[in-house]
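Participant: My questions are about this predicted structure, shown below with the sequence.
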Amino acid sequence: MGAMAGPTHSLPEYADRVLTAAEVIPPGRVLTYGDIARRLGEGGPRQVGRVMALYGAAVPWWRVVRADGRLLPGHERRALERYRAEGTPLRDGTAPGDMPRLDLRRARWDGG
DNA sequence: GTGCTGACACAGG
DNA sequence: ACCTGTGCCAGCA
């Protein structure tokens, strides 16, 4: 196969799949990085995380979360606003001013 | 080639 | 509940 010219797709196919997986998560629900990696059957949580770090702004990034339910460092405020607006299940901290965490048991999406 | 880093996950203590 | 170490895989200096 000869000269295949320039970039037919700007994003690597894998990144495209990760973004699509994030895109289909319904409001009020979340998937973990590991969940997405498993759904794709390729790569791992860290690879999903890297794609989200690079291109996550284009999709509902707040619906892709860590398995421990902790909010994304540096984006807690923005994420929390979304969760409250979407009714995503949260677990409030014991102390006032304490940052809530996601209640994964209820928030995790079992779609597909 | 080697080694460090990272929007992770899990087991221990 | 917290922190630490280990496994993991890809990118980059």
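Facilitator: Sure, I can see it.
Participant: Could you tell me which residues of chain A lie near DNA strand C?
Facilitator: Those residues of chain A that sit near DNA strand C, judged by CB under 7 Å from any atom of the strand, are A:12, A:43-47, A:50. C-beta: built from backbone N, CA, C; applies to glycine.
Participant: and if we set it to 6 Å?
Facilitator: A:43-44, A:46-47 (CB under 6 Å from any atom of the strand).
Participant: overlap between these and the residues near DNA strand B?
Facilitator: Counting by CB under 6 Å from any atom of the strand, A:Arg46 from these sit close to DNA strand B.
Participant: From the residues of chain A next to DNA strand C, which land in helices?
Facilitator: Residues of those located in helices (DSSP state H): A:46-47.
Participant: For the residues of chain A next to DNA strand C, work out which two are farthest apart.
Facilitator: Using CB to CB, the residues of chain A next to DNA strand C reach their maximum pairwise distance at A:Gly43 and A:Arg46, which is 8.1 Å.
Participant: thinking again about what came up before, are any of the residues of chain A next to DNA strand C buried, and if so which?
Facilitator: Neighbour-count burial (16 or more other CB atoms under 10 Å) applied to these gives A:43, A:47.
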